[in-house]
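# sequence first, then the predicted structure, then my questions.
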Amino acid sequence: MSSLAKVPVTVVTGFLGSGKTTLIRHLITNANGKKLAVLVNEFGSEGVDGEILKSCADADCPAENIVELANGCICCTVADDFIPAMEQLLARPVKPDHIVIETSGLALPKPLLKAFDWPEIRSRITVDGVIALADAEAVAAGRFAPDPDAVEAQRAADENLDHETPLSEVFEDQIACADIVLLTKADLAGVSGLEAAKAAIEAEMPRRVPMLPVTEGVVDLRVILGLEAAAEDDLAARPSHHDGEDEHEHNDFNSVVIDLPEVVDVDALVASVQRLAREQNVLRAKGYIAVEGKPMRLLLQSVGERVRHQFDRPWGTRARQSRLVVIGEHGDIDEAAIKAGLGL
């Protein structure tokens, strides 16, 4: 088969809470006849993003075309999960025109690109482009950059420590792999914040790529689909902190799933999540919440102390189960302390 016959695949990467799911929801609802399929990968055993995307499935992207992998990092489970999932999508009665992969917020994109060289799929798909999302407000505030004083203190305390923090490495690897960077939450960052975020990201880029401000995931599909980057053949231009390693691990991060009773006071829950971000260094929390007296489920998502929530759909016949996935760096996740902080 010629390269023109390959199904294009767009890899959407970005740090925790950068807006990947919001962007893909926009793609699904604005496909304009393009048949889409979506592969969603999450860090942790409890999937939330796949459920969000399936709620907006339509004729162009039916629910069966949205496949969720929640068994660990997609680039660490290539043989067991990624390859079979891609083969499953390609075997649909109506082959998709375009496949979108949403990586977990902690994934390194380059190992995933290497998987496109596997014989089972190489002749059938190509990486149309890698889209990296960066929270402009957070980047402008230096939230993903290590504190220089803290880094120096670590160096002084540990003579073997000669690398950057895990979070910065993940962020830099995602940026270095990108064909386009979308500066999300542009409305919150403002003009000065966008300029500061651009400068911070440009300092980490190995090559110049377009950077576009985006609010609520709204971007013209023609801007991010159809790039024809063939990124799997362009790996040398996408350096990684992990080049030369056969594999990488995510022992630096951990997640716990917390079951909650029905919530009476949503504002109190939000305050508790914000307090956990401060006191327990929680990076991300997300899940569905049953609110007493409300027939609809509450979708809650947080990045650090910034918490967003909305009622998204009725519980219907589903069990009214409140459940939060909480993600943080490995040494910071204390399940007992998190439960205590949530009043459990």
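Arrived safely, thanks for sending.

# contacts only, for the nearest residue to residue 6 once chain neighbours are set aside.
Spatially, and ignoring its direct neighbours in sequence, residue 6 is nearest to residue 126 (4.3 Å; C-beta to C-beta, 6 or more residues apart in numbering). From N, CA and C alone the C-beta is placed, and that goes for glycine too. By C-beta atoms under 8 Å, 6 or more residues apart in numbering, the contact set of residue 126 is 3, 6-9, 116, 230, 232.

# for those residues, give me JSON lines that also has pLDDT and secondary structure.
Converted to JSON lines, those look like this (pLDDT from 0 to 100; DSSP: H, G, I helix; E, B strand; the rest coil):
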{"residue": "3", "pLDDT": "40", "secondary structure": "helix"}
{"residue": "6", "pLDDT": "89", "secondary structure": "coil"}
{"residue": "7", "pLDDT": "93", "secondary structure": "strand"}
{"residue": "8", "pLDDT": "94", "secondary structure": "strand"}
{"residue": "9", "pLDDT": "94", "secondary structure": "strand"}
{"residue": "116", "pLDDT": "85", "secondary structure": "coil"}
{"residue": "230", "pLDDT": "88", "secondary structure": "coil"}
{"residue": "232", "pLDDT": "88", "secondary structure": "helix"}
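
# and stretch 129-137, C-alpha only, in CSV?
This file holds the C-alpha atoms of stretch 129-137, laid out as CSV (Å, rounded to 0.1, in the frame of the first residue of the first chain):
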residue,chain,number,x,y,z
GLY,A,129,1.0,15.2,13.5
VAL,A,130,1.7,15.6,17.2
ILE,A,131,-0.4,18.3,18.9
ALA,A,132,1.0,19.5,22.3
LEU,A,133,-1.3,21.4,24.6
ALA,A,134,0.1,23.7,27.2
ASP,A,135,-1.9,25.5,29.9
ALA,A,136,-0.8,29.1,29.1
GLU,A,137,-1.9,30.5,32.5
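
# centre of the chain to that stretch, how far?
How far stretch 129-137 lies from its chain's middle: 10 Å, per C-alpha atoms, centre = their mean, to the nearest Å.

# use 319 as the first number from now on
Got it, first residue is 319 now, which makes that one stretch 447-455.

# picking up where we left off before, in which helix or strand would I find the residue nearest to residue 324?
Under the criterion of DSSP states H and E, residue 444 resides in strand 443-453.

# list the neighbouring strands of that strand plus their orientation.
Strand pairing for strand 443-453, using DSSP bridges, gives strand 325-332 (parallel), strand 498-502 (parallel).

# mean neighbour count for the ones you listed - can I get that in JSON lines?
Listed next are those as JSON lines, based on neighbours: other C-beta atoms under 10 Å:
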{"stretch": "strand 325-332", "mean neighbour count": "24"}
{"stretch": "strand 498-502", "mean neighbour count": "25"}
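
# want to throw those into TSV with distance to residue 557?
Converted to TSV, the strands paired with strand 443-453 look like this (distance: least, C-beta to C-beta, whole Å):
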stretch	distance to residue 557
strand 325-332	15
strand 498-502	16
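
# which one of those lies nearest to residue 646?
strand 325-332 (17.8 Å; C-beta to C-beta).

# residue 647 is nearest to which of the strands paired with strand 443-453?
The nearest among those, by C-beta to C-beta, is strand 325-332 at 17.9 Å.
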